[in-house]
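**Student:** sequence isn't available, so here's the structure alone:
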């Protein structure tokens with residue numbers, strides 16, 4: 001990994017981000033397994049002393065195993081104190097009914113839990129929201145505002161392309177990470193969230209990734225599984241058709257279809273986001 005960026009006298013988003021971060025005394029990054037919050041945590045380590053930085057990750061039945069593993073690895077690589085909290089959103093009836101404000105209820109529950117955790121000096125809580133998030137349906141951002149969460153990447157004018165470019169420039173192990181999202185996004189909006197079902201969907205996705213497919217979504221809708229993968233991986237799915245059918249059957253899923261459009265959000269209320 002490269003040394004600290006040399007930005008003295010320079011202009012641009014990274015210099016602005018440095019200036020924003022250096023205004024904080026103590027920070028805690030809301031760390032998921034995604035690139036945005038990981039990049040933010042890296043930036044904090046470049047522009048703040050390590051003893052003023054923490055990371056916190058919420059783990060629950062909605063958390064893909066792969067996402068939790070990436071968050072843990074990120075904090076280890078960066079040498080930052082990392083706290084993992086078991087979050088209680090599945091105890092929230094508003095969240096479990098899975099309407100189009102699901103992400104708002106989840107973030108509200110998680111932030112309440114974080115702030116009530118005894119014995120922690122969180123300082124200022126930071127999230128990885130950036131410019132592109134303003135173009136998308138992100139009800140969780142409303143909860144973040146209500147709880148006073150700061151978004152330095154957004155303040156610095158960084159979008160997803162800029163974050164990826166900087167991650168490449170400074171040789172961070174982030175750019176090739178597939179997009180991840182919570183397991184609640186796998187269940188069609190309006191159908192009640194179920195812990196056992198989400199666990200089986202996570203297992204199925206893990207098994208399919210074992211066939212060499214980096215990004216896969218197993219969407220549940222009234223008993224049917226619809227697989228979404230990147231367009232370039234559609235032939236791999238077809239070549240492994242019988243294996244995938246058996247993987248699904250072994251987890252209790254009898255009907256499996258394939259979305260020929262490739263990976264992508266299909267309705268606004270199931271928009272995927274980094275939690």
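**Tutor:** Yep, that arrived. Source: prediction; values computed, not measured. Numbering: from 1, shown residues only.
**Student:** can you pull out the helices in the protein?
**Tutor:** In the chain, helices defined by DSSP state H lie at 13-21, 35-47, 65-78, 93-96, 102-116, 140-146, 152-155, 160-169, 195-209, 234-239, 241-249, listed in chain order.
**Student:** Serialize these to a markdown table and add fields for mean neighbour count.
**Tutor:** Yep, even glycine has a C-beta here, placed from its N, CA and C like the rest. Formatted as a markdown table, the helices of the chain follow (neighbours: other C-beta atoms under 10 Å):
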| stretch | mean neighbour count |
| --- | --- |
| helix 13-21 | 19 |
| helix 35-47 | 24 |
| helix 65-78 | 19 |
| helix 93-96 | 16 |
| helix 102-116 | 21 |
| helix 140-146 | 18 |
| helix 152-155 | 22 |
| helix 160-169 | 16 |
| helix 195-209 | 18 |
| helix 234-239 | 14 |
| helix 241-249 | 15 |
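**Student:** switch those helices over to TSV; also include mean pLDDT and distance to residue 260.
**Tutor:** What follows is these, written out as TSV (pLDDT from 0 to 100; distance: least, C-beta to C-beta, whole Å):
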stretch	mean pLDDT	distance to residue 260
helix 13-21	94	38
helix 35-47	96	27
helix 65-78	94	25
helix 93-96	98	32
helix 102-116	97	27
helix 140-146	95	30
helix 152-155	97	35
helix 160-169	92	26
helix 195-209	97	17
helix 234-239	96	7
helix 241-249	96	14
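**Student:** over to residue 182: give its phi and psi.
**Tutor:** Residue 182 adopts backbone torsions of phi -70, psi 160, taken as degrees, to the nearest 10.
**Student:** OK, contacts around residue 144?
**Tutor:** Counting by C-beta atoms under 8 Å, 6 or more residues apart in numbering, residue 144 touches 107, 111, 127, 129, 151.
**Student:** give the contact list for the last one.
**Tutor:** Residue 151 is in contact with 126-130, 144, counting by C-beta under 8 Å, 6+ apart.
**Student:** okay, and which of these map to strands?
**Tutor:** residue 126 (DSSP state E).
**Student:** touching, residue 75 and residue 31? I think so.
**Tutor:** Yes. Between residue 75 and residue 31 there is a contact under C-beta atoms under 8 Å: 6.5 Å.
**Student:** any shared contact partners between the two?
**Tutor:** Common contacts of residue 75 and residue 31 (C-beta under 8 Å, 6+ apart): 41, 55, 57, 82.
**Student:** out of those residues, the closest to residue 201 would be?
**Tutor:** When the shared contacts of residue 75 and residue 31 are ranked by distance to residue 201 (C-beta to C-beta), residue 57 comes first, at 20.4 Å.
**Student:** excluding chain neighbours, what is closest to the closest one?
**Tutor:** Leaving out its chain neighbours, the residue that sits closest to residue 57 by C-beta to C-beta, 6 or more residues apart in numbering is residue 71, at 4.5 Å.
**Student:** give the contact list for residue 104.
**Tutor:** Counted by C-beta under 8 Å, 6+ apart, residue 104 has contacts 139-140, 142-143.
**Student:** can you list the domains in the chain?
**Tutor:** What automatic domain parsing lists as the domains of the chain is 13-169, 183-270.
**Student:** can you redo the contacts of residue 104 as TSV with distance to residue 244?
**Tutor:** Output for those, formatted as TSV (distance: C-beta to C-beta, whole Å):
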residue	distance to residue 244
139	33
140	32
142	38
143	36
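**Student:** just name the closest of these to residue 224, please.
**Tutor:** Lowest distance from residue 224 to the contacts of residue 104 (C-beta to C-beta) belongs to residue 139, with 26.2 Å.
**Student:** surely that closest one touches residue 108?
**Tutor:** No. With contact defined as C-beta under 8 Å, residue 139 does not reach residue 108; the gap is 9.8 Å.
**Student:** mutual contacts of the two, please.
**Tutor:** With contacts defined as C-beta under 8 Å, 6+ apart, no residue is shared by residue 139 and residue 108.
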